[in-house]
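S.K.: 3D model of this:
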Amino acid sequence: MNPGHRIDEFYTCLLVSLAECDSVLELGCGVGDKLARTPCSLRVGVDAFRPYLDMAVLKWGPRLHELHLAEAVEYMAKEVRVFDAILLIDFIEHLPKDQGKQLLDRCHDQEVARLAVL
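M.R.: Prediction:
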């Protein structure tokens with residue numbers, strides 16, 4: 001199978017999953033490739049690696065509304081806004097199991113994610 005075809009399928013699924021969402025938070029957003037392609041009117045990204053965020057700004061500019069330099073678990077412990085969706089794609093598997101569970105519990109809180117955690 002052509003690797004480009006799999007990427008296209010992934011983005012199609014992502015767009016369908018976020019069709020009803022106006023706001024999205026991506027934890028571990030990296031250079032912002034997934035976040036920038038979402039149909040949401042508010043796109044917020046968090047990553048702990050400044051060079052990735054710098055590249056995201058250069059690559060996507062105003063398509064990314066807010067970028068935060070922070071560890072995801074610490075950011076979510078303080079975050080008080082509600083998002084329609086939270087993305088943890090290609091990220092959560094890198095956390096220790098206890099931190100991953102803590103993060104998922106916080107993301108699934110109805111006061112943080114209204115519609116979806118992906």
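S.K.: quick one: contacts for V57?
M.R.: Residues near V57 by Cβ atoms under 8 Å, 6 or more residues apart in numbering: 64, 67. C-betas here are computed from N, CA, C, even on glycine.
S.K.: one more: V117?
M.R.: Shown in contact with V117 (Cβ under 8 Å, 6+ apart): 85-86, 88, 104, 107-108.
S.K.: from P51, how far out is it?
M.R.: 27 Å (Cβ to Cβ, to the nearest Å).
S.K.: where does pLDDT dip in the chain?
M.R.: Counting by pLDDT under 70, the low-confidence segments of the chain come to 1-5, 110.
S.K.: most centrally placed residue in it?
M.R.: Among the residues of the chain, the one closest to the centroid is E26, at 1.3 Å (Cα atoms, centre = their mean).
S.K.: pairing partners for the strand or helix carrying that residue, with directions?
M.R.: Using DSSP states H and E, E26 sits in strand 23-27. Here strand 23-27 is paired, per DSSP bridges, with strand 42-47 (parallel), strand 83-87 (parallel).
S.K.: which residue ranges of the chain form helices?
M.R.: With DSSP state H as the criterion, the chain has helices at 3-17, 33-36, 50-60, 72-78, 97-107.
S.K.: how far does stretch 108-118 sit from the chain's center?
M.R.: Per Cα atoms, centre = their mean, to the nearest Å, the displacement of stretch 108-118 from the mean C-alpha position of its chain is 12 Å.
S.K.: alright, calling it a day.
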